[in-house]
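Novice: below: sequence and its predicted model.
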Amino acid sequence: MFLHSLRPKPQISSHPGCASPEPFTELCWLVRVSKKKQDHRLRLQDHRLRLQDHRLRLQDHRLRLQDHRLRLQDYRLRLQDHRLRLQDHRLRLQDHRLRLQDYRLRLQDYRLRLQDYRLRLQDHRLRLQDHRLRLQDYRLRLQDYRLRLQDYRLRLQDHRLRLQDYRLRLQDYRLRLQDHGSRGQTRGVPLNGNTDLSHCPHRPPQSPIFTQYGSLHHAGGKLPRPVLPRLPAIFCRLSFILLTTVSV
């Protein structure tokens with residue numbers, strides 16, 4: 001079919017191989033066909049070469065694509081490894097932060113415990129100081145109590161001495177009064193008379209007891225009122241003083 005299509009129609013040929021414008025010959029046709037075949041073979045060979053080159057390029061492209069895929073896979077693996085390393089780094093950083101936070105909390109707890117220890121020590125010192133002050137106050141109170149007890153003993157001793165002196169003076173006064181009454185009765189001198197007793201050798205001395213209640217010799221020459229009715233009141237006062245001192 002291809003050769004029949006190349007066959008020319010019966011016309012005047014203008015082929016360069018024909019010298020004269022004669023009808024198309026079989027030789028020219030064969031030369032043309034041979035040239036066409038050769039050209040076709042060359043084209044086919046070129047096409048095959050191009051096809052082979054295309055296949056080689058395609059294979060090279062496939063190889064490059066495969067290499068690219070491998071590189072991409074390697075890149076993904078590297079990226080995944082990098083992400084894992086980054087995640088590990090973040091976990092380590094988080095662990096470091098948690099450790100740092102734990103260290104800060106422990107440091108804060110240590111500071112609070114130290115502050116509590118200092119406060120407890122200060123409270124202990126204040127309690128010790130208060131105990132010492134209370135002990136000092138107790139010693140002062142004990143010393144004051146001893147001084148007051150000593151003063152009470154001295155006052156009691158003084159009261160006893162005064163009471164003993166008062167009893168002795170009272171006994172002496174009674175004896176002198178009894179002796180004076182017996183002398184007056186034997187001589188016939190009334191006690192309520194206006195008689196001067198300055199000549200009496202047994203006149204009692206001017207003691208504080210007698211000066212308090214008056215002398216035996218007044219301006220009128222009469223004896224003073226007896227001291228016996230006032231003795232209960234004096235004893236009551238002395239007993240009240242003693243009871244007050246003992247209670248203190």
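Specialist: Arrived safely, thanks for sending. Residues are numbered from 1 along each chain as shown.
Novice: buried ones in stretch 169-186?
Specialist: 169, 173, 176-177, 180, 184 (16 or more other C-beta atoms under 10 Å). Where you see a C-beta, it was placed from the backbone N, CA and C, and this is true even at glycine.
Novice: just the mean pLDDT for that stretch, thanks.
Specialist: The average pLDDT within stretch 169-186 is 82.
Novice: then stretch 63-82?
Specialist: 90.
Novice: which regions of this protein sit below the pLDDT cut-off?
Specialist: Where the chain drops to pLDDT under 70, the residues are 1-24, 184-248.
Novice: residue boundaries of the helices in it?
Specialist: For the chain, helices defined by DSSP state H occupy the ranges 2-6, 26-187, 208-213, 231-247.
Novice: turn the buried residues of stretch 169-186 into TSV, including distance to Glu26.
Specialist: Below are the buried residues of stretch 169-186 laid out as TSV (distance: C-beta to C-beta, whole Å):
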residue	distance to Glu26
Arg169	205
Tyr173	209
Arg176	215
Leu177	215
His180	219
Gly184	225
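Novice: just those residues now: which is nearest Asp137?
Specialist: Taking C-beta to C-beta as the measure, Asp137 lies nearest Arg169 of the buried residues of stretch 169-186, at 46.1 Å.
Novice: and the gap between that closest one and Leu44?
Specialist: As defined by C-beta to C-beta, to the nearest Å, Arg169 lies at a distance of 180 Å from Leu44.
Novice: one more: Leu93?
Specialist: Distance from Leu93 to Leu44, by C-beta to C-beta: 69 Å.
Novice: likewise Leu121?
Specialist: Distance of Leu121 to Leu44, computed by C-beta to C-beta: 110 Å.
Novice: now swap in Lys37 and tell me
Specialist: Look at Lys37 and Leu44: by C-beta to C-beta, they are 10 Å apart.
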